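[1] coords below, sequence missing:
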């Protein structure tokens, strides 16, 4: 079995507790307008151009984004940093793209991690079959669960998919007892209106006594150049990121509902 | 804890005092050597009498508000010279006065004295002349070509640290020990009995001299007390006078006596000669804790009082810039810092957790004083609590570079491997930049930096220096003749061995010159077992005697070899002729090739075995050429891997290299990756670096740079602590941190006046950014910063 991976990042310190290695799966069923990793969308390897200057000369190199890895290969990469994971209470995070799009491969990796005693986190948009989530639950220590929008109509508009299945899966995980860190991107003018934020607050409140341990507010970053590099259309041209003050205010508002809230990671 | 008013004052005076030369010591030592009294004396007795003469006639300097007294020169930052070691010419004095970095003001009176007294007397008779005349031509060739440097050329060997014994005894006891040893001299069996007698006599003279010097301070303090108007200060001065009458003659009983006791000893060491790394109280928290606790329990010392005394003690170190260095020595160690490195934490002699209340007190002092000197470090044992590391991170995050972090378990294993007793090993630590030593029992001399990339450059030119055309190394073949990569490595190993031989032969000569001409009877009193062996510190009297050669450019040479193997022998991207032409032209017209070298080659620091295996190989070659080879003092040579500022100097004499580095650019420093070549984050760096045999060295140096932003995040202390502990669990020796943005450094280059207090970690020490050379500034900016 092989999986399509576009990056393995060591010393990932924003993808769960401790020092982690994050494995980025390639391919995603959503196409969020603000996506930070446009190169992760297509479920196939693709070409990208990298440029470097030396003095006055510019060098361009074509690189392939995405490579098929065996479970052993990914595990070998993860195990390189096992000492740091153990010292810091870290582990491995599977992100993307959408790791659930390659659920059997993900499951194999999660099992291999548990055999090695490595803490596992799955960073997911929640859009996958319930059965797939049921299968990985026993081998997952933490879900980093992305919630883009609670309004189904808007969700469809900005991400090209309904949020129904996403919310169902979130409930499934919440009931299972596995820890959840909610991750909410803050995209000014798109999902940071009072109505959506209020619904989010209510949603968190409903799940307060459950295992939703933390809310991470991820401020939007302009990523237009990345789109250019892989020839994709960027719809949020000129959108300014939220101010620091705005993020702090949001953090405060959510903290007051009793959930631990962080900015970033 | 806040710095008391008086300390603020003293601190400001210390920071504002200009570094300047004092002619006092040069005048006194010349007077003594010219006097009839100095004739017909054995070398050790002559040195002891000289020491006594210096301490008898040296001006006493006591600053307003001080609690710890004694200055090396007649005023703070007044820096003595040592013409018997290295005579400065008038031109040298001019350079020192005028040079842009690490300058010393030299006034007319100093020049006058040099012109009329010092130069006429010492010309051609100083130790440097002796050494240079004794070195064979191949040594001079390699030295001039920048293959290695020579530590003892302008300064005396020292490289040692005070151990626990001297914190528990006084010089009257040492006199008794000497007397007892003299009585035991074996006039029937021991052919060296007379030499031993002379050495012991010399040591005895030094005991009296240091006691006399302390009493001169007591006299001065009593006089000041008599005239003091303020009643509180009067009592203070009387108390200080009483302390100077007690120590260092007798064992110190209180916290205050301890610090004053050490300080007289320190002054003795740096007045006798100009040893490298000045001198060092070593495991200060361990030494001070018993008296601190006793006094705290008795109610005679509050934490505030102890803090104030330590602050005053700190200022004394900062008042002493390193003795002026010239030429290559100035380039390899371009700083005012004189490397007294205070060790905090680690384990006790019984192996248990050594962190105590004084450890935390010292960290408070470091944070509040924020002085370059003394340097400070924490010894991190797996037995120490995280709280201790976090407390150090409180200081590190402010971007001050101090304290650096050392692995206690590694230090102990390094010492045990070298054959030290477990108690001696646990009482040891690191001094200077990162050098492992058994404190109080070992003379571990650094002898010079060794330019590994330069040797590979010479290897690629069949031993010929491409800069001068001179044959410096062996004729071990031209690149075209290296049919395989292994052939090249073999040729390189041969050249390393060749230069190691030259260096070691030179070292042994120099060690014998020091043993014969410049014994150090005062220092010999401090380091066991000089009294018992009746031998001088400079002649192998210490319990352990080690000579180090410090490899430089580990990252650079690894990337050089990795690129050669990858492009020439494996991928065949280009041939030797093309690479050599590119190097010769410094990549002009060869940008595409330079691009391949820089961006399409395996690089050390990314946990990539294709690069890292070359680091391991070079390490083994260097180690095999040096480790275990006898020195002149009954000990052996060892290696360590640190650069101070030699990576800049060595880079300046090394042409373009196959890792894509342009000619003249600095080499990598310590065991750190080439600046900017590490692209996988700090865990990959640590894993790469940990592949080296740290435990087979006497110290390695790893620099890491973090953005200040990192510390703003939740959990940053825990993560950094985990990085440190992980590195140490992999047997890493040392890691230190710069916490600064490149933008800040760029701005400081443009507007130095706005960044006068900006301090950065260089390599094994911190320095003011404004005080370091532009090349070094650029090198630090290029280092990878982790978020």
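    Good, I have the coordinates. None of the values given here were measured: they were computed from a predicted structure. Residues are numbered from 1 along each chain as shown, chains lettered A, B, ... in the order given.
[2] okay, now residue 68: neighbour count?
    The chain I'm using is chain A. 13 (other Cβ atoms under 10 Å in any protein chain shown). No exception for glycine: its C-beta is placed from N, CA and C like everyone else's.
[3] ah, I was thinking of chain B
    Neighbour count of residue B:68, defined by other Cβ under 10 Å: 21.
[4] ok, now the one 10 residues further on?
    If you count neighbours by other Cβ under 10 Å, residue B:78 ends up with 25.
[5] likewise for residue B:6?
    17.
[6] which secondary structure elements does the helix or strand containing it contact?
    Assignment of secondary structure by DSSP states H and E places residue B:6 within helix B:5-16. Here helix B:5-16 touches helix B:303-318, going by 3 or more Cβ pairs under 8 Å, 6 or more residues apart in numbering or on different chains; DSSP states H and E.
[7] figure out how far the helix or strand just after the helix it packs on is from the centre of its chain.
    In the C-terminal direction, the helix or strand that comes right after helix B:303-318 (DSSP H and E) is helix B:327-332. Taking Cα atoms, centre = their mean, to the nearest Å, one finds the center of helix B:327-332 at 14 Å from the center of the full chain.
[8] is it true that residue B:197 lies in a helix?
    Yes. With DSSP: H, G, I helix; E, B strand; the rest coil as the criterion, residue B:197 is part of a helix.
[9] you'd agree it is up against residue B:185?
    Yes. With the criterion set as Cβ atoms under 8 Å, residue B:197 and residue B:185 qualify as a contacting pair; they are 6.0 Å apart.
[10] overlap of the contact sets of those two?
    In the contact map built from Cβ atoms under 8 Å, 6 or more residues apart in numbering or on different chains, the residues linked to both residue B:197 and residue B:185 are residue B:534.
[11] pick out whichever of the two has more residues nearby.
    Each of residue B:197 and residue B:185 has its neighbours counted (other Cβ under 10 Å); residue B:197 has more, 18 against 15.
[12] and that one, how far from residue B:524?
    Shown here: residue B:197 relative to residue B:524, a distance of 14 Å by Cβ to Cβ, to the nearest Å.
[13] mind listing what's buried in the helix holding residue B:6?
    Within helix B:5-16, the residues scored as buried using 16 or more other Cβ atoms under 10 Å in any protein chain shown are B:6, B:7, B:9, B:10, B:11, B:13, B:14, B:15.
[14] what element comes up after it heading to the C-terminus?
    Downstream of helix B:5-16, the next assigned helix or strand under DSSP H and E is strand B:20-21.
[15] rewinding a little: ok, so of the buried residues of helix B:5-16, who is nearest residue B:193?
    Nearest to residue B:193, judged by Cβ to Cβ, of the buried residues of helix B:5-16 is residue B:14 at 47.7 Å.
[16] quick check, the closest one in contact with residue B:75.
    No. Taking Cβ under 8 Å as the definition, residue B:14 is not a contact partner of residue B:75, at 10.8 Å.
[17] which residues touch residue A:213?
    Taking Cβ under 8 Å, 6+ apart as the test, what residue A:213 contacts is A:179, A:180, A:181, A:260.
[18] ok but it is inside a helix, no?
    No. Counting by three-state DSSP, one finds residue A:213 to be strand, located in no helix.
[19] give me the pLDDT for it.
    On the pLDDT scale, residue A:213 is placed at 91.
[20] for residue A:16, see how far away it is.
    Computed as Cβ to Cβ, the residue A:213 to residue A:16 distance reads 11 Å.
[21] shared neighbours of those two, anything?
    Taking Cβ under 8 Å, 6+ apart as the contact rule, residue A:213 and residue A:16 both touch residue A:181.
[22] skipping its backbone neighbours, what lies nearest residue B:158 in space?
    On the basis of Cβ to Cβ, 6 or more residues apart in numbering or on different chains, the spatially nearest residue to residue B:158 that is not a chain neighbour turns out to be residue B:275, at 2.2 Å.
[23] ok, the one you found touching residue B:523?
    Yes. The criterion here is Cβ under 8 Å, and residue B:275 meets it with residue B:523 at 7.1 Å.
[24] mind listing the shared neighbours of the two?
    B:158, B:160, B:269.
[25] show the buried residues in these.
    For these, burial is judged from neighbour counts taken by 16+ other Cβ under 10 Å, and it is met by B:158, B:160, B:269.
[26] circling back: ok, the shared contacts of residue B:275 and residue B:523 vs chain A, which is closest?
    Nearest to chain A among the shared contacts of residue B:275 and residue B:523: residue B:160, at 34.5 Å, using Cβ to the nearest Cβ.
[27] for that closest one, helix, strand, or coil?
    coil.
[28] any idea how far it lies from residue B:537?
    Distance from residue B:160 to residue B:537, by Cβ to Cβ: 8 Å.
[29] what touches both of these two?
    Residues touching both residue B:160 and residue B:537 (Cβ under 8 Å, 6+ apart): B:443, B:523, B:527.
[30] turn those into TSV, columns for pLDDT, neighbour count and secondary structure.
    Compiled in TSV, the shared contacts of residue B:160 and residue B:537 are given as follows (pLDDT from 0 to 100; neighbours: other Cβ atoms under 10 Å in any protein chain shown; DSSP: H, G, I helix; E, B strand; the rest coil):
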residue	pLDDT	neighbour count	secondary structure
B:443	98	30	strand
B:523	98	29	helix
B:527	98	26	coil
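[31] so how far is the first residue of stretch B:476-486 from its last?
    Taking Cα to Cα, to the nearest Å as the measure, stretch B:476-486 stretches 13 Å from start to finish.
[32] let me know the secondary structure of residue B:668.
    Secondary structure, three-state DSSP: residue B:668 is coil.
[33] can you give me the neighbour number for it?
    Around residue B:668 sit 29 other residues, with neighbours defined as other Cβ under 10 Å.
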